[in-house]
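Engineer: sequence first, then the predicted structure:
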Amino acid sequence: MPKVLIADKLSTAAVNIFKMRGVEVDVKTGLTKEELLKIVDQYDGIAIRSATKITKDVIAVAKKLKVVGRAGIGVDNVDIPAATAAGVIVMNTPFGNSITTAEHAIALMMALARELPAANASTHAGKWEKNRFMGVELYGKTLGLIGAGNIGSIVADRAKGLKMHVVAFDPYLSAESAEEKGIEKVELDDLLARADFITLHTPLTPETKGILSAEALAKTKKGVRIINCARGGLIDEAALKAALDSGQVAGAALDVFAEEPAKANPLFGNEKVVCTPHLGASTEEAQENVALQVAEQISDYLLTGAIVNALNMPSISAQEAQLVKPWISLAEKLGAFAGQLTETSIQAVEILYEGSAAKLNQRALTQAALAGLLKAHMPEVNMVNAPLVAKERGIKVSETRRDQQGIYEGYIQIKVVTPEMTRAVAGTVFADGHPRLIQVKDIKLDAEFAPNMIYVTNEDKPGFIGRLGTLLGDTKVNIANFTLGRSAPGDDSIALVQVDGEVPQAVLDAIRKLPLVKSAKALKF
Ligand SMILES: NC(=O)C1=CN([C@@H]2O[C@H](COP(=O)(O)OP(=O)(O)OC[C@H]3O[C@@H](n4cnc5c(N)ncnc54)[C@H](O)[C@@H]3O)[C@@H](O)[C@H]2O)C=CC1
Ligand SMILES: O=C(O)CCC(=O)C(=O)O
């Protein structure tokens, strides 16, 4: 039974889902990094919110870990490259808390416009300072969105209801999509110059870090009000403090901080600043949504192989996972076969999906084929990191799909191009669900994959099979199965021998010395 750790506070709905689905679950929140490092190797999955940091060193010791599920959107607390390199899938729940977070941004904008927190504190203190508080209207004002994805778009929709004019800077927002949303797409400098309110809704990335820098703040309209419900690092906090002091910025409402939990911050105590402790996603509805969703997603992956909302793998539904599993195994084995026969650098990999194979999840199959291929010489490669490793090595990967043309209902062919040669191998999955090798180079055959195999190329002349059988018998290598293939009588032929156990190097050397043998190699699957 797979075992999952819930490391941050999640709605109890998550625990119930895990238990109902047959996943063992431990709830241990508030762990220190050292405590997490000590126990993390027990778990197949971890469910987190934003507090727990899944760093490189956590991944390094989490030997069983297969999936990290973020009950929320931002995954800046997960080292995704390290997870990818270790074959750990990272998932989030991209929509469960978007409305809630957008509403928090609107609430903060209202609070800023009317100084609600300060007025509330003053009134509770019995001061009745009616003349102290003078707000501004939102009506007719320009709201500048930095980031117009899920949350930004909901904020825009609500702001338009308040009769604000919405402009957005988002390089990935198409003009058509902006028009559909009633948003004016602008460049950052234009937004800074025109917005009365600026609200941030981008992830924290190297490009967005410090997007509201001292220089950017200097370009804003004097008296601008800023709302940040995305990530603390998007604003240079020292620069914001200076801009508040100079009056360039009239006020800021911040839900997120460069360092969290924020116990001390240069902006604390400033009466122009409204703060909340990263409450953007904190509503009953959103927490129920994300907890249910993350528990479903983690359970699905661990129990059925279904992948949803992963940031480092293509999605695969549970039904599809069932169907695609034997083909993934075939793709990986074909890749492994080609990889073990390839001893030079690889320039390109061309994958052909035919018939029923062409209707399956191509990205997953290609990732499996690449993993098998590259793993032959780089054991750390897995299905998750294979495309990245291939790209880093300059291997050109291409895929072709076509309708059934031959006798097989479906098949996969992998062609590996090296500076010296191009080698193609192909396979299919029979009704029994077992992958079969059906073509090596241009030679047709029908062989199952086995953990230990010997691959021999030889001249197709009488005497070879007997000599090979005798040699293996004499050296106590038991033959489990023997498959032969040749392009035409007397041409080059192939022998694929399934053997029980590893093939000693001395036996391989002896095979290579047999008459008619051109090459011999031990293969492992
Ligand atoms: N305060 C809180 O509790 C919460 C905070 N968040 C934060 O909000 C962020 C946004 O969430 P969603 O809207 O769901 O994400 P999303 O992925 O739907 O939208 C992000 C948008 O940012 C844009 N973007 C990326 N790089 C950009 C750049 N350099 N300049 C301008 N725009 C850029 C993207 O094109 C995309 O449209 C999350 O990444 C997360 O950090 C999310 C939920 C709760
Ligand atoms: O889990 C939370 O409370 C924070 C949510 C958040 O920041 C996110 O989903 O990106």
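Structural biologist: Arrived safely. Ligands and ions are numbered 1, 2, ... in the order given.
Engineer: okay, CA-based contacts and neighbour counts for the rest of this
Structural biologist: Will do.
Engineer: do you know the pLDDT at the nearest residue to residue 451 once chain neighbours are set aside?
Structural biologist: Nearest-residue entry for residue 451: residue 525, 4.5 Å, with adjacent residues in sequence omitted and distances by C-alpha to C-alpha, 6 or more residues apart in numbering. Here, the pLDDT recorded for residue 525 equals 93.
Engineer: list the contacts for residue 525?
Structural biologist: Taking C-alpha atoms under 8 Å, 6 or more residues apart in numbering as the definition of contact, the neighbours of residue 525 are 333, 336, 449, 450, 451, 452.
Engineer: quick one: buried ones out of these?
Structural biologist: Neighbour counting with 16 or more other C-alpha atoms under 10 Å marks 333, 336, 449, 450, 452 as buried within the contacts of residue 525.
Engineer: can you redo the residues you listed as CSV with secondary structure, pLDDT and distance to ligand 2?
Structural biologist: Compiled in CSV, the buried ones among the contacts of residue 525 are given as follows (DSSP: H, G, I helix; E, B strand; the rest coil; pLDDT from 0 to 100; distance: C-alpha to the nearest ligand atom, whole Å):
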residue, secondary structure, pLDDT, distance to ligand 2
333, helix, 96, 38
336, helix, 96, 39
449, coil, 93, 45
450, coil, 92, 45
452, strand, 94, 47
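Engineer: which stretches of this protein have low pLDDT?
Structural biologist: In the predicted model, the chain carries no residue with pLDDT under 70.
Engineer: and it, what are its domain boundaries?
Structural biologist: With domains defined by automatic domain parsing, the chain comprises 3-95+285-304, 98-275, 315-441, 451-525.
Engineer: can the second one be said to contact ligand 2?
Structural biologist: Translated: domain 98-275. No: where contact is defined by C-alpha under 6 Å from any ligand atom, no part of domain 98-275 touches ligand 2; the two come within 6.9 Å at best.
Engineer: quick check, that domain touching ligand 1?
Structural biologist: Yes: for domain 98-275, a contact with ligand 1 is found by C-alpha under 6 Å from any ligand atom, at 98, 101, 146-152, 169-173, 201-203, 207-208, 229-231, 255.
Engineer: distance between the ends of that domain?
Structural biologist: The first residue of domain 98-275 is 20 Å away from its last residue (C-alpha to C-alpha, to the nearest Å).
Engineer: residue 248 and residue 222 touch, don't they?
Structural biologist: Yes: taking contact to mean C-alpha atoms under 8 Å, the distance of 4.7 Å between residue 248 and residue 222 places them in contact.
Engineer: which of the three states applies to residue 354?
Structural biologist: Three-state secondary structure (criterion: DSSP: H, G, I helix; E, B strand; the rest coil) places residue 354 in strand.
Engineer: bridging residues for it?
Structural biologist: Beta-bridge pairing of residue 354, defined through DSSP bridges, involves residue 402, residue 411.
Engineer: so it sits against residue 414, correct?
Structural biologist: No: counting by C-alpha under 8 Å, residue 354 does not reach residue 414; the two are 11.5 Å apart.
Engineer: gap between the spatially most central residue of the chain and ligand 1?
Structural biologist: With distances taken as C-alpha atoms, centre = their mean, residue 312 lies nearest the centre of the chain, 1.7 Å away. When distances are taken as C-alpha to the nearest ligand atom, to the nearest Å, residue 312 and ligand 1 turn out to be 15 Å apart.
Engineer: got phi/psi on that residue?
Structural biologist: phi -130, psi 20 (degrees, to the nearest 10).
Engineer: go on, the one 4 residues further on?
Structural biologist: When quoted as degrees, to the nearest 10, the phi and psi of residue 316 stand at phi -140, psi 120.
Engineer: ok, residue 57 next?
Structural biologist: Dihedral angles of residue 57 (phi, psi; degrees, to the nearest 10) stand at phi -70, psi -30.
Engineer: contacting residues for it?
Structural biologist: Remark: with contacts taken as C-alpha under 8 Å, 6+ apart, residue 57 is in contact with residue 37.
Engineer: pipe the buried ones among the contacts of residue 525 into a markdown table and attach distance to ligand 1 per row.
Structural biologist: Conversion of the buried ones among the contacts of residue 525 to a markdown table gives the following (distance: C-alpha to the nearest ligand atom, whole Å):
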| residue | distance to ligand 1 |
| --- | --- |
| 333 | 36 |
| 336 | 36 |
| 449 | 43 |
| 450 | 44 |
| 452 | 46 |
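Engineer: next, count neighbours for residue 143.
Structural biologist: Close neighbours of residue 143, defined as other C-alpha atoms under 10 Å, add up to 28.
Engineer: tell me the bridge partners for it.
Structural biologist: For residue 143, the beta-bridge partners under DSSP bridges are residue 166, residue 197.
Engineer: what about the closest residue to ligand 2 within the stretch 201-350 of the chain, which SS state?
Structural biologist: Here the residue of the stretch 201-350 of the chain nearest ligand 2 is residue 281; by C-alpha to the nearest ligand atom that distance is 4.9 Å. Counting by three-state DSSP, the backbone at residue 281 sits in coil.
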